[in-house]
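> Quick one: sequence and predicted model below, then my questions.
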Amino acid sequence: MGISVNKNALKLVEKGLANSERLRITKETGPLGCTIIDAGVKACGGYAAGKWLTEVCLAGRGSSSLTTLRYGELLLPSIFVETDFPAVATLGSQFAGWSITTKDYSAIGSGPARALSLKPKEIYKLIQYEDHYDSAVIILEAESFPTEEAVRTIADSCRVSPKNLFAIVAPTSSIAGSVQISGRIVETGVHRLSQLGLDPKLISHACGSAPIAPMHPNKLQAIGRTNDAIYYGGAAFYSAACESDSQLRRIVSRSSSSASEEYGKRFYEIFEAAQFDFYKVDPKIFAPAMVTVTNNKTGTTFKAGKINEQILKKAMDIVNL
């Protein structure tokens, strides 16, 4: 596929900066001349910024919309995401697959810059894609702006000049951060299906929705809420061209978060038990609450999991009055 995810994303970045007042984001020159865009560290970026950020993460190969949806008795702000380029838009760009750690900085990196650095390499080998461009756009889930060492690390990995690096920063505990995490509903399902053996290149179309978690001032609690929004409230739908219904049935049957032995617990509890190390968490929990896949070759649709409004209500600490 001849598209450049970084070239596409940079167009969206420029449009966002042209509307920075409406999005309530700010721009400044960072270490080594990089461009830092604040979507929630000091800036007030909210729902509109989160929607924009979701589409930047998807590198312009998907769109999103904001609405409210019912989850049992709950009415919650929610995001709907669609893409007709699932493999490249989600695994090739949006997937939060780059752990950026230096002596003075730590962040989770996502977005199109990963396709230049090939983080992680196995995903790009699987989808048979990599990008070649002279600028890099990265989304950083962090509480602060990247330091000089972090900027150099990212730029060197992407093989671009630091002056051509565009870093968008949104803390998990911000509204924009919460929106863009729920906006990963489709990507979460694509990743889980690929882990179970479904070639993501066979998925032609995808869409999904998830509630947007309320803000929490504590970073770890915020991580818990935003993950629960997907694992207990997220629904994802896919169209795939599979030769075998029986194989697809087996894959889909294990694709929702309910396949995990940790299912039923708030993610904060799971995360705390794992000493706040994502790599120690059962990977089967990292999935939408409900996954539905239609086999384009047979017309058969398989569905696994369900929305769990009881746990969702607990996770969001909603008190009825």
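Perfect, I can see it now.

> Show me which residues of stretch 301-312 are buried.
Buried positions in stretch 301-312, judged by neighbour count with 16 or more other CB atoms under 10 Å: 302-305, 307-309, 311-312. Backbone N, C-alpha and C define where each C-beta goes, glycine included.

> Just the residues contacting stretch 24-36, thanks.
Applying CB atoms under 8 Å, 6 or more residues apart in numbering, the contact partners of stretch 24-36 are 16-17, 20, 37-39, 42-46, 48-49, 52, 145-148, 150-152, 155, 161-163, 165-167, 169, 176.

> Tell me which of those residues fall in strands.
37-38, 165-167, 169 (DSSP state E).

> quick revisit: which of the contacts of stretch 24-36 are buried? Put it as a PyMOL command.
Of the contacts of stretch 24-36, the buried ones go into a single PyMOL selection, burial set by 16+ other CB under 10 Å:
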select buried, resi 16+20+37+38+39+43+45+46+48+49+52+145+146+150+151+152+155+162+165+166+167+169+176
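
> mind listing which of the contacts of stretch 24-36 are in helices?
The members of those that map onto helices under DSSP state H are 16-17, 20, 48-49, 52, 148, 150-152, 155, 176.

> Determine which two of those are furthest apart.
48 and 152 (31.9 Å; CB to CB).

> Residue 252 sits in which helix or strand?
Following DSSP states H and E, the helix or strand that holds residue 252 is helix 245-253.

> What mean pLDDT does that helix get?
Taken as a whole, helix 245-253 has an average pLDDT of 98.

> any residues touching it, and which ones?
Taking CB under 8 Å, 6+ apart as the rule, helix 245-253 contacts 193, 196-198, 240, 242, 259, 291-293, 295, 298, 300, 302-304.

> hmm, which of those residues are the buried ones?
193, 196, 198, 240, 242, 259, 291-293, 295, 302-304.

> which residues of the chain fall in strands?
Under DSSP E, the chain gives strands at 26-29, 35-38, 63-71, 74-83, 98-102, 105-110, 136-141, 165-169, 203-211, 235-240, 290-295, 301-305.

> what comes up buried for the first one?
The one in question is strand 26-29. 26-27.

> Reformat the buried ones among the contacts of helix 245-253 as CSV; add pLDDT and distance to residue 7.
Shown next, in CSV, are the buried ones among the contacts of helix 245-253 (pLDDT from 0 to 100; distance: CB to CB, whole Å):
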residue, pLDDT, distance to residue 7
193, 98, 28
196, 98, 32
198, 98, 29
240, 98, 28
242, 96, 32
259, 98, 38
291, 98, 32
292, 98, 33
293, 98, 31
295, 98, 34
302, 98, 36
303, 98, 37
304, 98, 37
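
> Including distance to residue 214, could those residues go into TSV?
Shown next, in TSV, are these (distance: CB to CB, whole Å):
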residue	distance to residue 214
193	29
196	32
198	33
240	34
242	38
259	27
291	25
292	27
293	31
295	37
302	33
303	28
304	28
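
> for the helix or strand of the chain with the lowest mean pLDDT, the distance to its chain's centre please.
Least confident helix or strand of the chain, by mean pLDDT, DSSP states H and E, is helix 309-315 with a mean of 94. Centroid displacement of helix 309-315 relative to its chain, using CA atoms, centre = their mean, to the nearest Å, is 21 Å.

> Could you list every helix and strand in contact with that helix?
strand 74-83, helix 219-233 (3 or more CB pairs under 8 Å, 6 or more residues apart in numbering; DSSP states H and E).

> can you tell me which residue is nearest the centre of the chain?
residue 184 (3.3 Å; CA atoms, centre = their mean).

> how about that one, phi and psi?
Main-chain dihedrals, residue 184, degrees, to the nearest 10: phi -90, psi 10.

> And the nearest residue to it once chain neighbours are set aside, how far from residue 105?
For residue 184, ignoring the flanking residues on the chain, the nearest one in space by CB to CB, 6 or more residues apart in numbering is residue 94 at 6.3 Å. In this view, residue 94 and residue 105 are 22 Å apart by CB to CB, to the nearest Å.
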